[in-house]
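Colleague: model the following, please.
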Amino acid sequence: FEREARAVVKLKSPHVTRVLDVEVAENGTPFIVMEYLEGQTLAGLVRGGAALPVELAVEYMLQACEAVAEAHATGIVHRDLKPGNLFLTTGADGSAVVKVLDFGVSKFLEASRHAAVTRTQGLVGSPIYMSPEQMRSSRSVDERTDIWSMGVILYELLAGGRSPFEAMTL
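Modeller: You can find the predicted model right below:
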């Protein structure tokens, strides 16, 4: 929880959901106050098999790439990029704006060089969007795992929600 708040506060891109406050309720429950967004996720956009036109899919992905590039420049790997974590809303000028959500399982590269920040041996992220390296070890990945995920997302946007990899098991 605190990891997500710390990650998002560092990022200033208009394509990352803003954290407005981090607090602890009277009962001891921590909470994050984030900007309110109206719209839908890219998963909702392609639900039902509607493929996006190439120009639109590329525009949405370029916006998401801007946010992810800033995260990478500050040493943050998202590790859970998927259409459900890319939110399509409308900017003040009426244009479509994609915002990256949910940095809850992100990895801090600088910290991980000095300590085992991610101690899990299990899967971290959404398997369909994970790079082969992330499937083997979530804690040893770098920025390239997010790049893989972005490619899978672009494929799905262009293929009407179909995954590039289909099998009986993970």
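
Colleague: pLDDT (mean, whole number) over stretch 42-56?
Modeller: The average pLDDT within stretch 42-56 is 93.

Colleague: ditto for stretch 91-106
Modeller: 88.

Colleague: run the chain-centre distance for it.
Modeller: 10 Å (Cα atoms, centre = their mean, to the nearest Å).

Colleague: other residues contacting it?
Modeller: With contact meaning Cβ atoms under 8 Å, 6 or more residues apart in numbering, stretch 91-106 is reached by 1, 3-4, 7-8, 14-17, 37, 41-42, 59-60, 63-64, 67-68, 71, 76-81, 85-90, 124-125, 138. Using the backbone N, CA and C atoms, a C-beta is placed for each residue, glycine as well.

Colleague: could you point out which element follows the lengthiest helix in the chain?
Modeller: Assignment by DSSP state H gives helix 54-73 as the longest helix of the chain. Moving toward the C-terminus from helix 54-73, the next helix or strand (DSSP states H and E) is strand 76-77.

Colleague: sheet partners, orientation included, of that following strand?
Modeller: strand 107-108 (antiparallel) (DSSP bridges).
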